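Novice: Build the 3D model from these lines:
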Amino acid sequence: QVQLVESGGGLVQPGGSLRLSCAASGIGSIWSIYAMGWYRQAPGKQREFVAVIRWSGGTTNYADSVKGRFTISRDNAKNTVYLQMNSLKPDDTAVYYCNVGLVAVGLSRRDYWGQGTQVTVSS
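Specialist: Sure thing, here's the model as predicted:
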């Protein structure tokens with residue numbers, strides 16, 4: 001069974017930094033990671049895309065609201081994705097969710113989600 005374990009959330013002052021981690025485990029041998037990414041959901045709002053990284057090649061994509069401040073990276077050997085968040089703003093306050101997209105020959109892509117980690121930016 002695929003599991004995503006997130007860590008690194010917490011309380012930080014505006015302008016501060018946090019680093020989120022997400023480790024994927026339980027991936028069956030026929031499956032490969034296509035991409036891993038981060039989404040977030042603030043109170044009263046819909047979940048929104050933050051950043052994604054393709055597992056092969058490392059291509060990245062970011063939401064406009066975090067470009068230049070957040071950096072997504074990966075460790076292929078550990079099936080782990082990271083989100084380095086700098087220059088944090090109160091608007092970045094949300095529960096951050098990790099996502100993994102798995103692919104296999106002849107099968108539809110499958111997506112899995114982590115349990116979420118709270119990030120609070122406040123003075």
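Novice: Roughly how far does the spatially most central residue of the chain sit from Leu107?
Specialist: The residue lying closest to the centre of the chain (CA atoms, centre = their mean) is Trp38, at 2.5 Å. Trp38 sits 25 Å away from Leu107, going by CB to CB, to the nearest Å. (Glycine included, C-beta is placed from N, CA and C.)
Novice: do the same with Ser17
Specialist: 39 Å.
Novice: Likewise for Ala35?
Specialist: Counting by CB to CB - Ala35 and Leu107 are separated by 16 Å.
Novice: Return the set of buried residues in the helix or strand containing Arg110.
Specialist: Here Arg110 is covered by strand 107-113, with elements defined by DSSP states H and E. Neighbour-count burial for strand 107-113, counted by 16 or more other CB atoms under 10 Å, picks out Tyr112.
Novice: ok, now stretch 77-95?
Specialist: Result for stretch 77-95 [16+ other CB under 10 Å]: buried residues 79-83, 85, 88, 92-95.
Novice: what are the phi and psi angles of the residue in the chain sticking out farthest from the centre?
Specialist: Here the chain reaches farthest from its C-alpha mean at Gly106, the gap being 26.6 Å by CA atoms, centre = their mean. Here is the backbone geometry of Gly106 (degrees, to the nearest 10): phi 80, psi 0.
Novice: No further queries at this time; thank you.
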